[in-house]
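*Asks:* Below are the sequence and a predicted model; questions follow.
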Amino acid sequence: MIGVRPFLIAYNINLNTTDVAVANQIAYQVRGSGHWTVRNGKKVPFQGKFPSVRAIGWYITEYGKAQVSMNLTDFAQTSMYEVMEACKEAASANHVRVTGSELIGLVPLAALLETGKLYAGTDGLSEEELVDIAIQQLGLNDVKPFDPQKHILEYALSNQKLK
C-alpha cells in the first residue's frame, strides 16, 4: 500500500516584534487545533481557524524577528492568501504587523498562482505576473531573496539536468 497526502508547504510569517508570546497567540488563532484557554475558571478549547494549518510561534535570532511558523497541509483547502490575511488581522489585534514571509523548501506553482489571482482580484494575467504579485503581496523577499526558479516546485524540476 502507498499512502498519499497533499503537498505540504512550510511557510513562515514574519512579525515586527521579538515577542514569541505574540507569535504564539497568532499561531493559536490560525492553526486548526487552536488551543486551550481558561474561562470562568474552567479549561475550555478554543477552535483555530484553519483545519489544514499547523502553527507555532518562535523567535529567529538570525532575523531578529518573531515568526508564525506553519505547515500548510492542504493548500487547496487553506490558501497562502487566507493564512497571510488572517495573520495580518491577528497581528493588528495584537498591536504588531506582518513584515513579510518566507517559504522553506519548495512550493507548488498552483499555490502561488491562486494567491496571485486572489490578490490581483482579476483574471487574464500571465503566469509570470501572478507569481510576481504573489511574491510581492506575501512579502517573500522580506528576510532573504526569493528565487522562483529555486523555490517553485515545477520550475526547480524543469531546471534539473539528468546525469
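*Replies:* Great, that's in hand.
*Asks:* Could you use CA atoms for every contact and neighbour count after this?
*Replies:* OK.
*Asks:* Please, where are all the strands along this structure?
*Replies:* Here the chain has its strands, by DSSP state E, at 9-15, 35-39, 42-46, 53-60, 65-72, 98-104.
*Asks:* CSV for those strands, including distance to Glu128 and mean neighbour count?
*Replies:* As requested, those are exported to CSV (distance: least, Cα to Cα, whole Å; neighbours: other Cα atoms under 10 Å):
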stretch, distance to Glu128, mean neighbour count
strand 9-15, 20, 24
strand 35-39, 39, 12
strand 42-46, 40, 12
strand 53-60, 27, 21
strand 65-72, 23, 24
strand 98-104, 18, 20
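*Asks:* okay, now Ser158: neighbour count?
*Replies:* Neighbourhood size, Ser158 [other Cα atoms under 10 Å]: 9.
*Asks:* Tell me the spacing between it and Leu103.
*Replies:* Using Cα to Cα, to the nearest Å, Ser158 is found at 19 Å from Leu103.
*Asks:* same thing with Leu140?
*Replies:* For Leu140, the distance to Leu103 - Cα to Cα - is 7 Å.
*Asks:* Repeat that for Glu128.
*Replies:* 18 Å.
*Asks:* Now render the strands of the chain as JSON lines, adding mean pLDDT.
*Replies:* Listed next are the strands of the chain as JSON lines, based on pLDDT from 0 to 100:
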{"stretch": "strand 9-15", "mean pLDDT": "98"}
{"stretch": "strand 35-39", "mean pLDDT": "76"}
{"stretch": "strand 42-46", "mean pLDDT": "80"}
{"stretch": "strand 53-60", "mean pLDDT": "96"}
{"stretch": "strand 65-72", "mean pLDDT": "97"}
{"stretch": "strand 98-104", "mean pLDDT": "97"}
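*Asks:* Thank you, goodbye.
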